[in-house]
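Chemist: have a look at this prediction, sequence included:
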Amino acid sequence: MYPPLFLCSQSPRRRELLGGLNIPYDIVAVEIEETYPPSLQGGEIPLYISRAKAQAYVECYPHQQGLLITADTIVWLEGQVMGKPRDEQEACHMLHLLSGKTHQVYTGVTLTPMGELAATHEAVSFYDTTDVTFRALTDTEIQEYVTRYRPYDKAGAYGIQEWIGYIGVTGINGSYFNVMGLPVERLYHYLSLYIDS
């Protein structure tokens, strides 16, 4: 039997993906500034942020009982982080950079036992990587997508489950769900560490 699960996330995609595991959970939230040391590379970045989210939540709610799930996702192109675009112009610019290239999507996940569970279990952190390849996108396609879907809450300015993924993605190597924001297959494996035996 799983302990009470808490997903600390504002992302509707993460909520949908965790719900697909058919394990009951509750939604919680905490606000942090998603900054990280400049020396970090690739998957180290979302891993660091997922841990920071967990630490912030536990500090705010020290008496919470159960297992906390925190996550963060970044798009990584040729050694550079592509975060969430601030506006239409930046979103279009990001998609132009991704056009015709392969990039990596990294999602970092931290499982943090809280309350009595913390006395018998340790926190676990991991990250997953997926390679995503876009064909060359036209200016019209990029503008249409950004205007219609306004992907300002998405790393790299796109959601693979949306129209741009349908018409633009030519290849994926790794977990599709990781690109959406939560590597649920690996998460399911790690959740088994916390089942009452």
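Modeler: That came through, no problem. Since we're looking at a predicted model, the values are computed, not measured.

Chemist: which one's the longest helix in the chain?
Modeler: Taking DSSP state H as the assignment, the helix of the chain that covers the most residues is helix 44-60.

Chemist: that helix packs against which elements?
Modeler: Where contact means 3 or more C-beta pairs under 8 Å, 6 or more residues apart in numbering; DSSP states H and E, helix 44-60 is packed against strand 5-8, strand 66-77, strand 102-114, strand 124-134. C-beta coordinates here come from the backbone N, C-alpha and C atoms, glycine included.

Chemist: export those to CSV and tack on mean pLDDT and distance to Y152?
Modeler: Converted to CSV, the helices and strands packed on helix 44-60 look like this (pLDDT from 0 to 100; distance: least, C-beta to C-beta, whole Å):
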stretch, mean pLDDT, distance to Y152
strand 5-8, 98, 21
strand 66-77, 97, 14
strand 102-114, 98, 18
strand 124-134, 98, 19
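
Chemist: can you list contacts of the longest helix of the chain?
Modeler: With contacts defined as C-beta atoms under 8 Å, 6 or more residues apart in numbering, helix 44-60 is touched by 8, 28, 30-32, 34, 36-37, 40, 64, 68, 70-74, 81, 106-110, 112, 114, 123, 125-127.

Chemist: pull out the buried residues from those.
Modeler: Neighbour counting by 16 or more other C-beta atoms under 10 Å classes 8, 28, 30, 36, 64, 68, 70-74, 81, 106-110, 112, 114, 123, 125-127 among these as buried.

Chemist: contact partners for T120?
Modeler: Under the criterion of C-beta under 8 Å, 6+ apart, the contact partners of T120 comprise P113.

Chemist: picking that back up, let's have the helices and strands packed on helix 44-60 in JSON lines, adding distance to R51.
Modeler: Rendered in JSON lines, the data for those read as follows (distance: least, C-beta to C-beta, whole Å):
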{"stretch": "strand 5-8", "distance to R51": "12"}
{"stretch": "strand 66-77", "distance to R51": "8"}
{"stretch": "strand 102-114", "distance to R51": "5"}
{"stretch": "strand 124-134", "distance to R51": "6"}
